[in-house]
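> here is my input, please return the structure:
(one chain, ligands or ions: 1)
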Amino acid sequence: MSAPLLKVENLSVNYGHIQASRQVSIEVGEGEFVGIIGSNGAGKSSTLKAVAGVVRPAAGTITMAGKPVHGCGSHEMVRHGVALVPEGRFVFADQSVEDNLILGGYIRAERGGPAALQDDMERMYQLFPRLKERRTQLAGSLSGGEQQMLVIARGLMSRPRLLMIDEVSLGLAPKVLELLFPVLQDLNRQGLAILLVEQIATRALAVTSRAYVMENGSVTQSGPSQQLMRDPSVMEAYLGKQH
Ligand code: ATP
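Numbering: from 1, shown residues only. Model (predicted):
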């Protein structure tokens, strides 16, 4: 059997004396849509940040398609095919939509030149026509939903094999989410592997095929999303967090 696309084993992340993630083991197969659910402070973001090379893990191993990548910095991880859409919809506020996309596509420009960059930008505009209409607008003046579209599109501009998204739904109206989630499902159907972190368990479980539950820094449960959705212990724990 071939190695999973992403394999994380016994990953621990500490901030000083705070243990944010403890011995976390997760896998994402090629083309899989996997979720990580759990309440505030469970260690979900820290796990994604460690995989993306944004924070250095205290322990554990990370492989991409069988290749060890732990210890790589964030730029190297982009080259290994990992893109992180971080929590908080960070955009380069005083730059246009188009310039934000160009910044996300620097590797693409390096490898394929300006024509490849332009092709990818057009692809993003097809995925998110709203961004095309606003291509010259400053990113800081976009609505929350449009900014979320932009950070996802910027992540996709590096042509990742694995897209990791942290709290896509935070603070967004249900109407916006009705636009965003189908785009993610389409991308996944086209073969992109996605690792989605969500506090709203029902939403994550509805779109993913498999999920992990994190509590206090550790993975406490995992399994097919449909099964977790029917599991009273999972749903009771997160009932208060549904929209
Ligand atoms: P949330 O959904 O609220 O973002 P989370 O499950 O993503 O939560 P993390 O953000 O990974 O959880 O946080 C795990 C723990 O690590 C928390 O106790 C948090 O306060 C702590 N933590 C996160 N980032 C830092 C940091 N930069 N410095 C110190 N502690 C941190």
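> contacts, neighbours, all on C-alpha from now
Fine.
> for the longest helix anywhere in the chain, name the packing helices and strands.
Across the chain, the longest stretch assigned as helix under DSSP state H is helix 106-127. With contacts taken as 3 or more C-alpha pairs under 8 Å, 6 or more residues apart in numbering; DSSP states H and E, helix 106-127 sits against helix 97-104, helix 129-133.
> by contact count, what packs against the helix or strand containing Leu179?
Secondary structure assigned from DSSP states H and E places Leu179 in helix 174-189. For helix 174-189, there is no helix or strand it packs on, judged by 3+ C-alpha pairs under 8 Å, 6+ apart.
> pLDDT (mean, whole number) over the helix or strand just after that helix?
With elements assigned by DSSP H and E, the helix or strand that comes after helix 174-189 is strand 193-198. Averaged across strand 193-198, the pLDDT comes to 96.
> stretch 91-100 too?
Here the average pLDDT along stretch 91-100 is 94.
> in contact with Ser158, which residues?
For Ser158, the contact set (C-alpha atoms under 8 Å, 6 or more residues apart in numbering) comprises Val78, Gly81, Ala83, Gly104, Gly105, Tyr106, Ile107, Arg108.
> again, but for Val28
Pro4, Leu5, Leu6, Lys7, Val34, Ala193, Leu195 are the contacts of Val28 under C-alpha under 8 Å, 6+ apart.
> how about the residues you listed in JSON lines, adding neighbour count and secondary structure?
Listed next are the contacts of Val28 as JSON lines, based on neighbours: other C-alpha atoms under 10 Å; DSSP: H, G, I helix; E, B strand; the rest coil:
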{"residue": "Pro4", "neighbour count": "17", "secondary structure": "coil"}
{"residue": "Leu5", "neighbour count": "20", "secondary structure": "coil"}
{"residue": "Leu6", "neighbour count": "25", "secondary structure": "strand"}
{"residue": "Lys7", "neighbour count": "20", "secondary structure": "strand"}
{"residue": "Val34", "neighbour count": "26", "secondary structure": "strand"}
{"residue": "Ala193", "neighbour count": "25", "secondary structure": "strand"}
{"residue": "Leu195", "neighbour count": "24", "secondary structure": "strand"}
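> quick one: least confident of those residues?
Lowest pLDDT of those: Pro4, 94.
> what does the longest helix of the chain contact?
Contacts for helix 106-127 (C-alpha under 8 Å, 6+ apart): Arg79, Leu101, Ile102, Gly105, Leu131, Lys132, Ala153, Leu156, Met157, Ser158, Arg159, Val183.
> widest-spaced pair of these?
Taking C-alpha to C-alpha, the two most distant members of the contacts of helix 106-127 are Arg79 and Lys132; they sit 26.6 Å apart.
> more neighbours: those two, which one.
Neighbour totals were compared for Arg79 and Lys132, and Lys132 leads with 17 against 14 (other C-alpha atoms under 10 Å).
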